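[1] What would the 3D arrangement of this be:
(chains A and B)
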Protein chains: 2
Amino acid sequence: MLSAEFTLTLPRWIPDEVDADRRFTDDEERVGLAIRLARRNVVERTGGPFGAALFDAEGRLISVGVNRVLPEHCSVAHAETTALMLGQARVKRARLNSDGARYILATSAQPCAMCYGASIWAGIDELVIGARAEDVMELSEFDEGPLPADWVGELEKRGIAVRRDVFRLAAREVFDLYATLGGARY
Amino acid sequence: MLSAEFTLTLPRWIPDEVDADRRFTDDEERVGLAIRLARRNVVERTGGPFGAALFDAEGRLISVGVNRVLPEHCSVAHAETTALMLGQARVKRARLNSDGARYILATSAQPCAMCYGASIWAGIDELVIGARAEDVMELSEFDEGPLPADWVGELEKRGIAVRRDVFRLAAREVFDLYATLGGARY
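    Presented below is the predicted three-dimensional model:
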């Protein structure tokens, strides 16, 4: 019997960690939230060491995501894809900015090859990143996968501004913590 | 209020189109199913012109997927990602081949940049493809997105065999049909 539906869920601690009514008005506040989500996901053992959050241009929070690969048996359930799926379902648009507004995805670490592609189709205007891919691969056994040589340029060509190294050291620390706690590779 | 879960569903016609008990023993049967799913998805107007199916090495069907981007408000819900999510949930493993068996993903058209990355993390051993990316972009307004220069080599390096141009002409015809019926760009 083939499955006809699939449900992806966030961990139960999310409302405890996230003040959904707060305005997140700059890159530091936005990536800071993504890093807090990544860290909490490690501490609670509810998935891999990655977090992401989606905002509108005024800093209102649309959705959050964390890596849920192992708990949900779903290799697609990275932090970025999860935040994008939940955000799009909430606003009922497959391309977020088809309403003419601007949207910002903040992530605790550089998107992997899959999430890189996902960020192109999602209708975001800005991608703000904490740790670099080399941090992820230096501090953990995660593979980021093959990207186009000029991956930033390819995003910019499609109207997506990229800003990197926001709270990079704090973002790196999440991988240290994950290794210390003996986390599995997702 | 943040969303804490998201459910992805397949169209209702799937059991009518798919004989889940049949064995699909070669590339033509497997890609043939993916193309039939793509075509039916167009005719039924339940999503974009893409289909995919996941098999074990004996040709047993694990899951199927079609593009559900617009109906589900989800830019992640491509045919390949949908088949992978449903298949992994069914077998309860995030990496399909972590059980030591081999798995085959058949798709009606070359995976986009996102599905390319997704295919690397999914635990598949073979990727079998109908239409080429240039067919998709010639016959429709879909963008396949930026891939690494040697995208086939990068998959093979990770143990994933790639076979292309299986029923390529039939796979191309789905895009013609989609254009004829005035399909939206997903």
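[2] And the biggest helix by length in chain A, what's buried?
    The helix spanning the most residues in chain A, taking DSSP state H as the definition, is helix A:27-43. Burial within helix A:27-43, assessed by neighbour count using 16 or more other Cβ atoms under 10 Å in any protein chain shown, is assigned to A:27, A:29-42. In this view, the C-beta of every residue, glycine as well, is placed from N, C-alpha and C.
[3] Stretch A:81-93 close to chain B?
    Yes - between stretch A:81-93 and chain B, judged by Cβ under 8 Å from any Cβ of the partner chain, the touching residues are A:81, A:82, A:84, A:85, A:86, A:87, A:88, A:89, A:90, A:91, A:92, A:93.
[4] Could you do stretch A:28-42 as well?
    No - against chain B, stretch A:28-42 shows no contacts by Cβ under 8 Å from any Cβ, the least distance being 11.4 Å.
[5] hmm, who's touching that stretch?
    Stretch A:28-42 is touched from outside by A:11, A:13-14, A:17-18, A:24, A:47-53, A:55, A:59, A:61, A:64-67, A:79, A:104, A:106-109, A:128-130, A:166-167, A:170-171, A:173-174, A:177-178, A:181, A:183, with contacts defined as Cβ atoms under 8 Å, 6 or more residues apart in numbering or on different chains.
[6] Give the buried subset of those as a ChimeraX selection command.
    Listed next is the ChimeraX selection for buried residues among those, using 16+ other Cβ under 10 Å:
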select /A:11,14,17,18,24,47,48,49,50,51,52,53,55,61,64,65,66,67,79,104,106,107,108,109,128,129,130,166,167,170,171,173,174,177,178,183
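[7] tell me, which of the contacts of stretch A:28-42 make contact with chain B?
    Among the contacts of stretch A:28-42, the ones lying near chain B by Cβ under 8 Å from any Cβ are A:14, A:18, A:61, A:64.
[8] my read: the first one touches residue B:5, true?
    No - counting by Cβ atoms under 8 Å, residue B:5 is not a contact partner of residue A:14; they are 10.7 Å apart.
[9] Show me what secondary structure element comes after the least confident helix or strand in chain A by mean pLDDT.
    Every helix and strand of chain A was ranked by mean pLDDT, DSSP states H and E. The lowest is helix A:133-139, at a mean of 91. Sequence-wise, the next helix or strand beyond helix A:133-139 is helix A:151-157, with elements assigned using DSSP states H and E.
[10] who does the very next helix or strand once past that next one touch, helix- and strand-wise?
    Downstream of helix A:151-157, the first helix or strand assigned by DSSP H and E is strand A:161-163. Using 3 or more Cβ pairs under 8 Å, 6 or more residues apart in numbering or on different chains; DSSP states H and E as the contact criterion, the elements in contact with strand A:161-163 are strand A:126-131, helix A:151-157.
[11] list the buried ones in strand A:161-163?
    By neighbour count with 16+ other Cβ under 10 Å, strand A:161-163 contains the buried residues residue A:162.
[12] Please name every helix or strand in contact with the next helix or strand after it.
    Along the chain past strand A:161-163, the next helix or strand (assigned with DSSP H and E) turns out to be helix A:168-180. Using 3+ Cβ pairs under 8 Å, 6+ apart as the contact criterion, the secondary-structure elements in contact with helix A:168-180 are helix A:27-43, strand A:103-109, strand A:126-131, helix A:133-139.
[13] Switch these over to JSON lines; also include distance to residue B:123.
    As requested, the helices and strands packed on helix A:168-180 are exported to JSON lines (distance: least, Cβ to Cβ, whole Å):
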{"stretch": "helix A:27-43", "distance to residue B:123": "22"}
{"stretch": "strand A:103-109", "distance to residue B:123": "22"}
{"stretch": "strand A:126-131", "distance to residue B:123": "25"}
{"stretch": "helix A:133-139", "distance to residue B:123": "20"}
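[14] and residue A:162, which of those is closest to it?
    strand A:126-131 (5.1 Å; Cβ to Cβ).
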